[in-house]
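Asker: let's see this in three dimensions:
(chains A and B)
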Amino acid sequence: MDDIALVRKCLAGDEVAFEVLVSRYKNLVYGIALNLLRNRDEAADVTQDVFLRAWENLWRYKPEYSFRAWIARITVNHCLNINQKTRRSAVTAWDEEAVGRIAADDGLPEDELLAKEKQDSVRKAIVSLPEMYRLVVVLFHQQSLSYDEICQITGYPLSIVKNRLYRARKMLCEKLSVYHDGESEKEDDSWAVKKHGS
Amino acid sequence: MGCEKAWELMMSRLDGEIDRQNQRYLENHLKLCPECRRQYDSLHAVLLELDRTKPVAPESTERKVMERISGARRKETVVLLPYVIPPAALLMGILTFLFYELCMDGPMAVIDKAAQAMSTFCRACQSIAAFSRFLFSGLYLHSVLIMSGLAFLGGIFAFLYGQLGKGMKVKRTGGQ
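Answerer: Numbering: from 1, shown residues only, chains lettered A, B, ... in the order given. As a prediction, the model looks like this:
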């Protein structure tokens, strides 16, 4: 059953139809919340808040827009409000999960450690992007939303959305090239150490 | 093909908008240019990482959301009851009285009573107007009085509209 039919059922008071919508979009809402808030518990709470808000304001939903974009827009606005209220810094990159992962990395083989290190550097680069750039990257590349849907969610025109995504990719490349340079320098150093035996 | 053009093609490829010929150009360039290859690998690593770390919501989300919706609905109904019961009781009283009058004296008596009530209301309004004329004789004070009256009426309408909107919302959410 498509989203609009489910929304009509919800407006008639059918809670089961709403539960179907929740199952369909909970990962999207949670994914956006987690990327913007970077805290699993908070993201889970926000997911519930967003669906509750959606239920209360379902009569405002216009069927000419996609439900996916509508619910994503509620999520983004809610998370940005929370970030504004708590004045969360954009570079508080590591949440407790990441710290735990680093602690658990002890004792892994070297190849796996290198792969993990690379993953961490990529993750760090994504997290260190400014909020609106990170949001566009996550919506486009992780949640597979279209440009039109991102325009509806952020309220920006297509040119700005495209420009942000372009610049975000450029920034990611720059950040990761710094990491690669560091890595190749490390490799050179280790080669020198091996060669000179000192 | 220059590196700038290659970058543009990389962007098109990430957007899924690259054609076969440009795809071939890009691949050839990536084989020849290590700097572009590194940029491309970086972006590819980002996409892989985003895909790998695609968050999955907790399984209990549906249950918790539905519980909260049920809770909110119960709360809303309880909050609105004081606004619904007194007007309903008043309306019931008026209808009972009218029905009683209708049974006792017939329809003409009811119309007569209604007309009497209307004329009493009109006389009360005239008295209030006369009293206000006695109190405030100047044109300025009259206009202030009229404006205050209009604002008061507007406030009543706004309140009624708000209550009506809430009532409709409860009806919709509690309609099963």
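Asker: give me the domain ranges for the chain.
Answerer: Since you didn't name a chain, this refers to chain A. Chain A resolves into domains spanning A:1-88, A:105-198 when parsed by automatic domain parsing.
Asker: wrong one, chain B
Answerer: If you go by automatic domain parsing, chain B breaks into B:3-52, B:86-173.
Asker: low-confidence ranges, the chain, go.
Answerer: Looking at chain A here, since you left the chain open. A:87-109, A:178-198 (pLDDT under 70).
Asker: hm, I was asking about chain B
Answerer: Using pLDDT under 70, the flagged stretches of chain B are B:1, B:76-81, B:135-142, B:164-176.
Asker: close to chain A: what parts of it are there?
Answerer: With the criterion set to C-beta under 8 Å from any C-beta of the partner chain, chain B comes near chain A through B:11, B:14, B:38-39, B:42-43, B:45-58, B:61-62, B:64-66, B:68-70, B:72, B:169, B:172-176. All C-beta spots, glycine's among them, are computed from the backbone N, C-alpha and C.
Asker: of the residues you listed, buried ones?
Answerer: Neighbour-count burial within the residues of chain B next to chain A applies to B:11, B:14, B:38-39, B:42-43, B:45-46, B:49-50, B:55, B:57-58, B:61-62, B:64-66, B:69, B:173; the criterion is 16 or more other C-beta atoms under 10 Å in any protein chain shown.
Asker: now A:Arg169, nearest residue through space, not along the chain?
Answerer: Excluding its sequence neighbours, the residue lying closest to A:Arg169 (C-beta to C-beta, 6 or more residues apart in numbering or on different chains) is B:Leu43, at 6.1 Å.
Asker: check the secondary structure at the one you found for me.
Answerer: Each residue gets one of three states, and B:Leu43 gets helix by DSSP: H, G, I helix; E, B strand; the rest coil.
Asker: re earlier: among the domains of chain A, which is the most enclosed?
Answerer: Using mean count of other C-beta atoms under 10 Å in any protein chain shown, the stretch among these with the largest mean neighbour count is domain A:1-88, at a mean of 18.
Asker: how about that domain against chain B, any contact?
Answerer: Yes - among the residues of domain A:1-88, A:11-15, A:18-19, A:22-23, A:26-27, A:29-31, A:34-35, A:43-44, A:47-48, A:51-52, A:55-56, A:59 lie within reach of chain B under C-beta under 8 Å from any C-beta.
Asker: where does residue 71 fall, secondary structure wise?
Answerer: No chain was given, so I picked chain A. helix A:67-86 (DSSP states H and E).
Asker: let's do chain B instead
Answerer: Element membership for B:Gly71, per DSSP H and E: helix B:61-105.
Asker: on contacts alone, who are the packing partners of that helix?
Answerer: helix A:15-37, helix A:40-56, helix B:107-135, helix B:139-173 (3 or more C-beta pairs under 8 Å, 6 or more residues apart in numbering or on different chains; DSSP states H and E).
Asker: how about the helix holding A:Ile71 as PDB, C-alpha atoms only?
Answerer: Extracted C-alpha coordinates of helix A:67-86, given in PDB (Å, rounded to 0.1, in the frame of the first residue of the first chain):
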ATOM      1  CA  PHE A  67       5.800  11.500   2.800                       C
ATOM      2  CA  ARG A  68       9.400  10.500   3.000                       C
ATOM      3  CA  ALA A  69      10.500  14.100   2.400                       C
ATOM      4  CA  TRP A  70       7.800  15.400   4.800                       C
ATOM      5  CA  ILE A  71       8.900  13.200   7.800                       C
ATOM      6  CA  ALA A  72      12.600  13.900   7.000                       C
ATOM      7  CA  ARG A  73      11.900  17.600   7.100                       C
ATOM      8  CA  ILE A  74      10.300  17.300  10.500                       C
ATOM      9  CA  THR A  75      13.300  15.300  11.700                       C
ATOM     10  CA  VAL A  76      15.800  17.800  10.400                       C
ATOM     11  CA  ASN A  77      14.000  20.800  11.900                       C
ATOM     12  CA  HIS A  78      13.700  19.000  15.300                       C
ATOM     13  CA  CYS A  79      17.300  18.100  15.400                       C
ATOM     14  CA  LEU A  80      18.500  21.500  14.300                       C
ATOM     15  CA  ASN A  81      16.400  23.000  17.100                       C
ATOM     16  CA  ILE A  82      17.900  20.700  19.700                       C
ATOM     17  CA  ASN A  83      21.400  21.500  18.400                       C
ATOM     18  CA  GLN A  84      20.700  25.200  18.600                       C
ATOM     19  CA  LYS A  85      19.300  24.900  22.100                       C
ATOM     20  CA  THR A  86      22.200  22.800  23.400                       C
END
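Asker: just name whatever secondary elements it is in contact with.
Answerer: Applying 3+ C-beta pairs under 8 Å, 6+ apart, one finds that helix A:67-86 makes contact with helix A:3-11, helix A:15-37, helix A:40-56, helix A:131-137, helix A:147-154.
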